[in-house]
Structure formats: C-alpha cells, structure tokens
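Chemist: return a 3D structure for these sequence lines:
(2 chains)
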Amino acid sequence: GQQLNQSPQSMFIQEGEDVSMNCTSSSIFNTWLWYKQDPGEGPVLLIALYKAGELTSNGRLTAQFGITRKDSFLNISASIPSDVGIYFCAGPKDNYGQNFVFGPGTRLSVLP
Amino acid sequence: DGGITQSPKYLFRKEGQNVTLSCEQNLNHDAMYWYRQDPGQGLRLIYYSQIVNDFQKGDIAEGYSVSREKKESFPLTVTSAQKNPTAFYLCASSTQTSWGSQYFGPGTRLLVL
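Modeler: Prediction:
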C-alpha cells in the first residue's frame, strides 16, 4: 500500500530559527496535507495543497507541493515555543480521496 | 461552539472486556473517521463512514466495530478480539466536498490492564 516517509524524525532547534521538513511518497499524490499535533491533543490542519508546484503560506508556515508529486515540504520561519509538536503529512489513499494515509511525523522541539 | 467531542479523555479497562469510545460532532459533517495512534507512529485508519447507516473498514479494522445511526455520532467499540488495544484513539469528521480537511477530536487514551 501507499506509504509516506517524513524526515527528519525529530529535531531540536533554537527559538527564532527556521525549520524545514519534508515528506516523500512511494506513489504520486494529487493532494498533500500538513497537520500539527500538540501533545495529548488531536491534529489540526495547517495547510492543504492541491496542485503540483503549488506554494502556500499560513502565517509563518509555508508548504510546497513537489513537482514530481511524490513529495512535499513544510517550512516554519522564526520558530517560537508554541511550534513544539508533531507535524504530520497526509495524502489520499486512492483516487476517490475519501480517506488518507498519514506519515509517521516529525517531532519538533524548540529550545528557548 | 462547533466541534468534535470525545469522551472520556482516559479510559482503563481489564483485558477481555469490550469498551465503547464516544465521538460526537456538531459540525454537520457527513463523513466521520476513527484512527489509532501508537507512540512514534502516524495515524492508522480503523473505520470510516461517509453517510448515516453506512461505514467502511480501514486498514486495521480487526477487533473493532462501529455504528452510524445518527449523523452526529460515530461510536467505536474495542472488542476483546483486539490483541493490543492500548493506544490513543482519535475521531475526525469532514464534509463530503473536502475529505482531506478533517477536524479531529481531542482523543481518548485507552489503557487495557
């Protein structure tokens, strides 16, 4: 079945630094989603991407839909303590897009 | 406020007992989902429902059952057939026109002793 890989698995950064993480797939996707999960809570949708090459921002977050359609990138600029959490990418399991497969997540820690 | 509620936040059960996790939404969403999350892993789909009285198995449905008698409610039963039920369970919902924009509940952490 479809699988997503995320890198890095975890990262420790200083407050104020920029962050980059990515997600790769074994197959082509027509939608990429990025979610953030705070400890002990449910994930929250950050950004949705629907077109190859698309670059979308949400505040300090910017995500890109890779041209190959097999990858996506998420950047966070000027990190702050509340950026701590797990960031998941997700893509549709099939062409109907009715349910999604999630990556294993990138765990972000921000040091003051 | 509109949203998804899951109760309880923490649940303890003895091995061999069935347990039902509650999920309610007032977002008027047609689709609802149940995911399981284990430490260090992504979310894995257990069951999903696109409309009332209809539901489909996800990737790891064995040992679980669901019902969708009302649009607002999608309870999950963890049966004694589930070999390793201790996990964090997340419920989500979405509209039919935007499956990917799923709204998640706060989750229920199930511990089977």
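
Chemist: just give me the neighbour total for the residue in chain B that chain A sits nearest to.
Modeler: Here chain B gets closest to chain A at one residue, residue B:104, 3.1 Å apart by CB to the nearest CB. Bear in mind the C-beta positions are built from the backbone N, C-alpha and C, glycine included. Look at residue B:104: counted by other CB atoms under 10 Å in any protein chain shown, it has 22 neighbours.

Chemist: got a pLDDT number for it?
Modeler: Confidence at residue B:104, expressed as pLDDT, is 94.

Chemist: residue B:17 reaches residue B:81, doesn't it?
Modeler: No - Residue B:17 lies out of contact with residue B:81 (CB atoms under 8 Å); the separation is 11.8 Å.

Chemist: just the strands in the chain please.
Modeler: Since no chain was named, I'll use chain A. Ranges of strands within chain A are A:4-7, A:10-14, A:19-25, A:32-37, A:44-49, A:55-58, A:61-65, A:71-76, A:85-92, A:100-102, A:106-111, based on DSSP state E.

Chemist: wait, chain B
Modeler: Counting by DSSP E, one finds strands in chain B at the ranges B:4-7, B:10-13, B:19-25, B:31-37, B:43-51, B:54-57, B:64-66, B:76-78, B:87-94, B:103-104, B:108-112.

Chemist: specify the beta-bridge partners of the most centrally placed residue in chain B.
Modeler: In chain B, the centroid-proximal residue (CA atoms, centre = their mean) is residue B:34; its distance is 3.0 Å. Beta-bridge partners of residue B:34, counted by DSSP bridges, are residue B:47, residue B:91.

Chemist: residue contacts, it?
Modeler: B:23, B:45-48, B:58, B:64, B:66, B:74, B:76, B:89-92 (CB atoms under 8 Å, 6 or more residues apart in numbering or on different chains).
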